[in-house]
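Engineer: Here's my sequence, what's the structure:
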Amino acid sequence: MRSALLILALMTYGCSTDSEPGTVIETGFTIAYVDQDENDLLDPAHPNAITEGNTDLYYLINGEMVKQYENHLDHPKKFSVVTEEKLFDRYFMHISPNTIEGLDTAITYITYLEFENNSLDTIKTQYRRPSPSSNSIFVTKIWYNGELRWDVDDKSLLEHPNNEYVGRYFTVTRNLE
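Structural biologist: As a prediction, this is how the structure comes out:
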């Protein structure tokens, strides 16, 4: 017991307070997709399933849409379709939206998702940096096709209010007709 207290004391007081705080990047978000009948469009068994193979992600950079693909990443298209687990009984897509280093608060970036049928959805994300010199960045708002879908300050937008820990999550209904 004494050795555990000694280790805890060393960990608490042995850390330098002169170092700068670490970088925190909280920009990703999660989307579930359903059709007009509430069928899960990320379910691989769905005949019109949305997959990483039939979907592309673009960032708007200097006024141009730039297709994202970095083969050294685990998810080179900057998004992943998660079918190994479910969230609220649905599969989900995790997206890493566009961010630009060195800009400070209330910046809005645009990310596009292009689906197999060549339809294009627009995602706008707004961020906050604690200070202009900070390396940390936090998403504060998300609009999907022009509709505000998530706001850090508006809990009424939570689809599952009893499960706030889920974070930036919402469901999109895609019309397949």
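Engineer: quick one, strands of the protein?
Structural biologist: All strands of the chain, identified by DSSP state E, fall at 25-26, 29-34, 56-61, 64-67, 79-87, 90-95, 107-114, 120-128, 137-144, 147-151, 169-173.
Engineer: Could you dump the ones you listed into TSV with mean pLDDT and mean neighbour count added?
Structural biologist: The way it works is simple: take the backbone N, C-alpha and C, and place the C-beta from them, glycine included. Shown next, in TSV, are the strands of the chain (pLDDT from 0 to 100; neighbours: other CB atoms under 10 Å):
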stretch	mean pLDDT	mean neighbour count
strand 25-26	65	14
strand 29-34	92	21
strand 56-61	91	18
strand 64-67	92	12
strand 79-87	86	14
strand 90-95	90	21
strand 107-114	82	18
strand 120-128	89	18
strand 137-144	87	20
strand 147-151	90	16
strand 169-173	90	17
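Engineer: Serialize the ones you listed to a markdown table and add fields for distance to residue 44.
Structural biologist: Shown next, in a markdown table, are the strands of the chain (distance: least, CB to CB, whole Å):
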| stretch | distance to residue 44 |
| --- | --- |
| strand 25-26 | 29 |
| strand 29-34 | 13 |
| strand 56-61 | 18 |
| strand 64-67 | 24 |
| strand 79-87 | 6 |
| strand 90-95 | 8 |
| strand 107-114 | 18 |
| strand 120-128 | 20 |
| strand 137-144 | 23 |
| strand 147-151 | 25 |
| strand 169-173 | 18 |
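Engineer: out of those strands, nearest to residue 157?
Structural biologist: strand 147-151 (5.6 Å; CB to CB).
Engineer: Please name every helix or strand in contact with the closest one.
Structural biologist: Strand 147-151 makes packing contacts with strand 137-144, strand 169-173 when contacts are defined by 3 or more CB pairs under 8 Å, 6 or more residues apart in numbering; DSSP states H and E.
Engineer: how about the ones you listed in JSON lines, adding distance to residue 127?
Structural biologist: Compiled in JSON lines, the helices and strands packed on strand 147-151 are given as follows (distance: least, CB to CB, whole Å):
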{"stretch": "strand 137-144", "distance to residue 127": "5"}
{"stretch": "strand 169-173", "distance to residue 127": "18"}
